[in-house]
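Peer 1: how does the following fold in three dimensions:
(2 chains)
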Number of protein chains: 2
Amino acid sequence: MDKFLQEVAPEKAYRLLNLGATCFVSAAFNGDGDVMPAAWNCALDLAPCKCTVVVARDHYTRPLMEKSGYFAISLPTVSIAKVVMQLGSVSKNDVKDKLEQSDAKFFKLDGFDMPLVSGCAAHLIFKIIPEPEMEQKYDLFLGECVKAVADSRVFRNGHYYYDASNQDLRTLHYVAGGHFYALGEEVLVPGYDD
Amino acid sequence: MDKFLQEVAPEKAYRLLNLGATCFVSAAFNGDGDVMPAAWNCALDLAPCKCTVVVARDHYTRPLMEKSGYFAISLPTVSIAKVVMQLGSVSKNDVKDKLEQSDAKFFKLDGFDMPLVSGCAAHLIFKIIPEPEMEQKYDLFLGECVKAVADSRVFRNGHYYYDASNQDLRTLHYVAGGHFYALGEEVLVPGYDD
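Peer 2: Residues are numbered from 1 along each chain as shown, chains lettered A, B, ... in the order given. A predicted model of the protein is given here:
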């Protein structure tokens, strides 16, 4: 899939997050990387694109974020729903080869060390905006986007485009347990172009 | 639709927000109410359920939130996509009868004064958790849920259930302009019940 990844204009990157899809959070420090799924991520600002993500303190990913000052948000698709559950049901605190044991395939973006999961609709790299009180009180991390790429089969010109040709690339929207809904049909309200 | 609204157990209320759907933010102060759509809302904690929502300072809704200390998050459905755009394209700063001019029908929950829009999948009332620095720097508001109701045709026992019978009640996921996607098919990964 990764050959379809194309850079997203910085001023349109927030739109990747508008759908409210479940994400992977990736981070790495000193060559040690981890990936965890998180339903609680959200855009925070337009340009530069900012986001929030909730990462509890018991996740192995969290100190990697804190030490490196960076994290990535990736949007898994229907094609890898099983991988979302695999990476969310085992902690690298307990299983050191968690990533290798999963069915995920990983890659990196030039200049960034965090492991990214192949088969996602988009990947955004964030530099943490330090807000230590928010991190401690609410497990809430803020980030400013420094790079964004998306699968050109589903995101072009600042819009997602889903049709019969790319159903396996629909984003996932979490309920609980192993229960998700995929993104569905387009809804267009005429007269409000952007 | 509102006859189908049923109380949601407080410990399951966060699941209403897990889908990442576009929401309405409602607030009222001294009998003056407003409703605005917002794509940037997110769960923040499990129990008590907390959330974040981004509300810029130029919205009429914002001082109503600040003065009353409360806001509501409602999840509009495909059936009222046009109303989302109506309530998002006009400001009550400019048009005092914005709500009346729209096609929305409004109701209130007992004990709360904010206007809620009929035809939503769920409504959650939040008491603002004061974090003035976050509000000023990022337009980010935190809330703790004090009441949650959902349409029993789509949410029961802590899960969303969508099928052929309730397609008009699917949540909306925003891209830009008048461009949304509706929630689609169920995706179940076996072995991870909750």
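Peer 1: give me the helices and strands touching the helix or strand containing A:Leu183, please.
Peer 2: Counting by DSSP states H and E, the element that carries A:Leu183 is strand A:179-188. When contacts are defined as 3 or more CB pairs under 8 Å, 6 or more residues apart in numbering or on different chains; DSSP states H and E, strand A:179-188 packs onto strand A:172-176, strand B:179-188. All C-beta spots, glycine's among them, are computed from the backbone N, C-alpha and C.
Peer 1: what about A:Ala104, distance to chain B?
Peer 2: From A:Ala104 over to chain B the distance is 14 Å, taken as CB to the nearest CB, to the nearest Å.
Peer 1: hang on, the earlier thing: could you list the buried residues of the strand holding A:Leu183?
Peer 2: A:His179, A:Phe180, A:Tyr181, A:Ala182, A:Leu183, A:Gly184, A:Val187 (16 or more other CB atoms under 10 Å in any protein chain shown).
Peer 1: do stretch A:6-20 as well
Peer 2: A:Val8, A:Lys12, A:Ala13, A:Tyr14, A:Arg15, A:Leu16, A:Leu17, A:Asn18, A:Leu19, A:Gly20.
Peer 1: stretch A:66-75 too?
Peer 2: If you call a residue buried by 16+ other CB under 10 Å, then stretch A:66-75 has these buried ones: A:Glu66, A:Ser68, A:Tyr70, A:Phe71, A:Ala72, A:Ile73, A:Ser74, A:Leu75.
Peer 1: now pLDDT and secondary structure too, for these, in CSV please.
Peer 2: As requested, the buried residues of stretch A:66-75 are arranged in CSV below (pLDDT from 0 to 100; DSSP: H, G, I helix; E, B strand; the rest coil):
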residue, pLDDT, secondary structure
A:Glu66, 98, helix
A:Ser68, 98, helix
A:Tyr70, 98, strand
A:Phe71, 98, strand
A:Ala72, 98, strand
A:Ile73, 98, strand
A:Ser74, 98, strand
A:Leu75, 98, strand
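Peer 1: near chain B too, which of these?
Peer 2: Filtering the buried residues of stretch A:66-75 for proximity to chain B by CB under 8 Å from any CB of the partner chain leaves nothing.
Peer 1: and of these, the nearest to chain B?
Peer 2: Of all these, A:Leu75 has the smallest distance to chain B: 10.4 Å, by CB to the nearest CB.
Peer 1: that closest one contacts A:Gly20, correct?
Peer 2: No: look at A:Leu75 against A:Gly20 with CB atoms under 8 Å: they stay out of range, at 10.2 Å.
Peer 1: can you give the strand pairings for the biggest strand by length in chain A, parallel or anti for each?
Peer 2: For chain A, the strand with the greatest residue count under DSSP state E is strand A:140-151. In the sheet containing strand A:140-151, its partner strands are strand A:5-7 (antiparallel), strand A:50-54 (antiparallel), strand A:120-129 (antiparallel), by DSSP bridges.
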